[in-house]
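Trainee: got a predicted structure plus its sequence, pasted below:
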Number of protein chains: 2
Amino acid sequence: MTTLTIADLGCSSGPNTLTIVSNLIKQFQLHNNKPIQYQIFFNDLPSNDFNSIFISLQNFLEDLKNQIGADFGTCFFNGVPGSFYGRLFPNKSLHFVHSCYSLQWLSQVPREMEIINKGSIFIDNKSPKNVIEGYYKQFQKDFSLFLKCREEEVVSGGRMVVTLVGRTDEYPSNQDYCYAFTLLNLALNGMVAEGIVEEEKVDRFNIPNFMPSPKEIKDEVLKEGSFIINELKVSSIDWNFYNTELEGTKHTSFVGNSYNNIAKCIRSVTEPLMIPHFGEAIIEELFYRYSKIVKDEMSKKRIEFTNLTISLTRI
Amino acid sequence: MTTLTIADLGCSSGPNTLTIVSNLIKQFQLHNNKPIQYQIFFNDLPSNDFNSIFISLQNFLEDLKNQIGADFGTCFFNGVPGSFYGRLFPNKSLHFVHSCYSLQWLSQVPREMEIINKGSIFIDNKSPKNVIEGYYKQFQKDFSLFLKCREEEVVSGGRMVVTLVGRTDEYPSNQDYCYAFTLLNLALNGMVAEGIVEEEKVDRFNIPNFMPSPKEIKDEVLKEGSFIINELKVSSIDWNFYNTELEGTKHTSFVGNSYNNIAKCIRSVTEPLMIPHFGEAIIEELFYRYSKIVKDEMSKKRIEFTNLTISLTRI
C-alpha cells in the first residue's frame, strides 16, 4: 500500500495541531479515493507537550473516520523532538512538509542586539538601521538553513507549504515590523516609567522574531536553489478576527472580545521568553496593561497583520 | 547515506529506555565502521511519558558521542504512541525491532476471569485449570497478533529481539506462574482478612499478564510462519540481583536492599492497574506489607524469575 509521509514542523500542542493534519487527509482523500497509509510526523522543540498530542489522537481518529468514512486508510503518528533549523528526518523520506506560524521565529536573538536596540524589545520605528539589518541577517541564515535541511529530507517532486507572519512593504519598512510587539513594548516602558521594571532589563531583552517581505522570502528560496515556488500568497488578517470573512461567513457577535484574543495570543508566545528574563512577578500586571492598550488601539483604528503562504516543490 | 530504522516497542520512560538504543548503536558501530543514519522509534502506550524521553535526548546524544566519537552518524528520534497489539508503522519500514519486558503484558484480562479466579489476582497454585487455559488463549491471540503486525512492518531479512518474563516448565506448571504476584496476593488477602479490603474486590481483580514457556513461544512463531527463530535463550535472574554475575562482576555489597528493589519494581508495574480498582487509599499499606513479605521469603530461600529472549529474522 502506498505510504504518504507528512511532517508538521513547529506543530505546537493544542486543537490546531490536529486540524492541519485532518484537513490534509481530507484534501488528499478528495483527490485520491483509494485507501493509503499516512505516516504523520509532529515536530516541535523537545519542551513541547507531545504527551497531550498523543493522548488526543484516538478521539481525533474517531472524529476523522466519522467525517470521511472508516476506509480512508491507516494513520501512523509520530512525535519528532528537535529544532527545524537542523536535520530531523533521514534523506529523501518526506513527501509533504507543512509549517504554520513557526518560521518567523529565529533560532536566536541576533548578536549584540541588546547593545544597539536600547529601549525596544523588537524592531520598531525607533530601531537603528543596523538592528533591522542584524535581524534580517539572522533570518537569512536561519531560513536558508531550514531550506537546506528540507532539501535533503524531501523527495524529488515533494511539496512544502509554509505560512509565516510577514510584512507587505520592502526594506526600509514604512511601518513597525510587528505592531503587536510595539504595543507590548509600550506596556513594558510604562512599567519602566513607574519604576516597576528596570530600564536596563528592557534594553537587554529582544524577541527572536523576523517578519520577512515576499521578496526576502523569494530571494532565499532562489539562492538555495532546490525548491521552486508554485505560489506566494500575501494575505491580511484583521486583528478584529470577526471582521475577516472566512468561508463566506461573517461573524459579528463577539467583536468586543477580539482585543482579548490578540492579547492572549501574544501572551502565549512571548511569556515563555519573558519569564526567565523579567521574572514571573511582573507578568500578570504587564499583560493586564497590554490588554488595555490593545483594546484602546483597536477602538481607534483597523489593525492588521500579514500572512505569507509559500507553496514549494522540491526539484 | 544508509538509514537503519530501529523500533523499541514498549520502551517506557526512564534511563533504561535510552540504554537499549545506546547499546544497539555501539554494537552496530563495532561491526560497521561507516557513519550511517539511525531512525529510532520509541513506542509505548499514549499515556507513557514521552515528554521526559524527548527532553533527555540531547544529553544522551552528547554522552554517546563522547563514548564512540562524534562521527558515528546521525540519529533521528521519534515517539510512537500506540499498542503493539496493532499496527504502528508503514509496511516494510523497519530493520530492527526490540522489545524488553513488555510482551508478557496481555492486551486485556482474559474474559470471565473474575468469575472463575476467586481470591486470586493471577495464576497461582490454587487457580482452576480453565483459568490457566483462559490466560494462555489470550496470550496466543495477543502474541500471534503481535507477530502478524510486525510481519507487515519489518523488511525481509530484518531482525527482531524480544525479551519477556517466562517460565521454564511446561503446562501443567509445577510452580506459580509468577511468584512475585503470588506474594502480592498474599499481602492483599491479609488485608481482606483484617477487613481493610473487600473480598469481592480481590475476586474481580486480575493482572493481564502471562509467562509463556519456551515451547509456547515457539509454537506461535511457527504457526504465524513469517519469522525464523535464530536463538531462544532461557535465563534465570535471582531476585537477589547482587547474587547474579553480570559481566564477570559479582556485587555483594547491597544484598540487604534487593527485597526493596523487587517490591519497588512490582509496585511500579502493578500500581497503575490497582489504583483504579482498589482506590489509592490502600496502596501505601499494601506495598509496605508486600515489602515485608518479600524480605521474609527471600531470607528463607533463593527465588528466581525466568527471562526468555528470542532472536528472530523476518523471512
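Mentor: Now that the structure is in, tell me what you want to look at. Numbering: from 1, shown residues only, chains lettered A, B, ... in the order given.
Trainee: low-confidence stretches in chain A?
Mentor: Within chain A, the segments meeting pLDDT under 70 span A:242-256.
Trainee: mind listing what's buried along the longest helix along it?
Mentor: When chain A is parsed with DSSP state H, its longest helix is helix A:129-153. For helix A:129-153, the neighbour count (16 or more other CB atoms under 10 Å in any protein chain shown) marks A:131-132, A:134-136, A:138-143, A:145-147, A:149-153 as buried. In short, each C-beta sits where N, CA and C put it, glycine included.
Trainee: what of stretch A:5-15?
Mentor: Using 16+ other CB under 10 Å as the test for burial, stretch A:5-15 gives A:5-13.
Trainee: so which of those belong to strands?
Mentor: Among the buried residues of stretch A:5-15, the ones falling in strands (DSSP state E) are A:5-9.
Trainee: neighbours of A:Glu297, how many?
Mentor: By other CB atoms under 10 Å in any protein chain shown, 18 other residues sit near A:Glu297.
Trainee: er, A:Asn125 I mean
Mentor: By other CB under 10 Å, the residues close to A:Asn125 number 11.
Trainee: now A:Leu88
Mentor: Number of residues near A:Leu88 (other CB under 10 Å) recorded here: 23.
Trainee: which ones are touching A:His277?
Mentor: Listed by CB atoms under 8 Å, 6 or more residues apart in numbering or on different chains, the contact set of A:His277 reads A:201, A:204-205.
Trainee: cool, A:Ser144 as well?
Mentor: Residues near A:Ser144 by CB under 8 Å, 6+ apart: A:220, A:223-224.
Trainee: by neighbour count, which of those wins?
Mentor: Neighbour counts for these peak at A:Glu220, which has 19 neighbours (criterion: other CB under 10 Å).
Trainee: ok, that one touching A:Lys137?
Mentor: No - the pair A:Glu220 / A:Lys137 is not scored as a contact, 11.8 Å apart, by CB atoms under 8 Å.
Trainee: what's the closest non-adjacent residue to the spatially most distant residue from the centre of chain A?
Mentor: The centre of chain A is farthest from one residue, A:Met1, which by CA atoms, centre = their mean lies 33.9 Å away. Excluding the flanking residues, the one nearest A:Met1 by CB to CB, 6 or more residues apart in numbering or on different chains is A:Gln37, at 5.3 Å.
Trainee: where does the one you found land in three-state SS?
Mentor: strand (DSSP: H, G, I helix; E, B strand; the rest coil).
Trainee: roughly how far does it sit from A:Glu153?
Mentor: Applying CB to CB, to the nearest Å, the value for A:Gln37 to A:Glu153 is 19 Å.
Trainee: do A:Pro90 as well
Mentor: With CB to CB as the criterion, A:Pro90 and A:Glu153 are 7 Å apart.
Trainee: sorry, back to before: need the contacts of A:His277 in JSON lines with neighbour count, can you?
Mentor: Converted to JSON lines, the contacts of A:His277 look like this (neighbours: other CB atoms under 10 Å in any protein chain shown):
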{"residue": "A:Lys201", "neighbour count": "14"}
{"residue": "A:Arg204", "neighbour count": "16"}
{"residue": "A:Phe205", "neighbour count": "22"}
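Trainee: which single one of the residues you listed is nearest to chain B?
Mentor: Using CB to the nearest CB, A:Phe205 comes nearest to chain B of the contacts of A:His277, at 25.2 Å.
Trainee: that closest one and A:Phe122 touch, don't they?
Mentor: No - assessed by CB under 8 Å, A:Phe205 is found out of contact with A:Phe122, at 9.5 Å.
Trainee: what count of nearby residues applies to the closest residue to A:Gln138 other than its chain neighbours?
Mentor: The shortest distance from A:Gln138 to any residue other than its chain neighbours is 4.1 Å, reached at A:Pro110 (CB to CB, 6+ apart). Using other CB under 10 Å, A:Pro110 is surrounded by 22 other residues.
Trainee: could you do the one 3 residues further on as well?
Mentor: The local packing count at A:Met113 equals 26, with neighbours defined by other CB under 10 Å.
Trainee: quick check: closest non-adjacent residue to it.
Mentor: A:Asn206 (4.4 Å).
Trainee: got the contact list for the one you found?
Mentor: Listed by CB under 8 Å, 6+ apart, the contact partners of A:Asn206 are A:109-110, A:113-114, A:117, A:120-122.
Trainee: how about A:Ile228?
Mentor: If you count contacts by CB under 8 Å, 6+ apart, A:Ile228 has them with A:312-313, A:315.
Trainee: and the stretch 51-200 of chain A, which residues reach chain B?
Mentor: For the stretch 51-200 of chain A, the contact set with chain B under CB under 8 Å from any CB of the partner chain comprises A:51, A:54-55, A:57-58, A:74, A:76-82, A:87-91, A:93.
Trainee: of those residues, buried ones?
Mentor: When these are checked for burial by 16+ other CB under 10 Å, the buried set is A:51, A:54, A:57, A:74, A:76-82, A:87-91, A:93.
Trainee: which stretches of the stretch 1-150 of chain A form helices?
Mentor: A:15-31, A:50-68, A:113-116, A:129-153 (DSSP state H, counting those that start in this stretch).
Trainee: the second one to helix B:50-68, inter-axis angle?
Mentor: Spelled out, that is helix A:50-68. 120 degrees (axes from the mean of the first three to the mean of the last three CA atoms, to 10 degrees).
Trainee: name the residues of helix A:50-68 that are buried.
Mentor: For helix A:50-68, by 16+ other CB under 10 Å, it's A:50-51, A:53-54, A:56-57, A:60-61, A:64.
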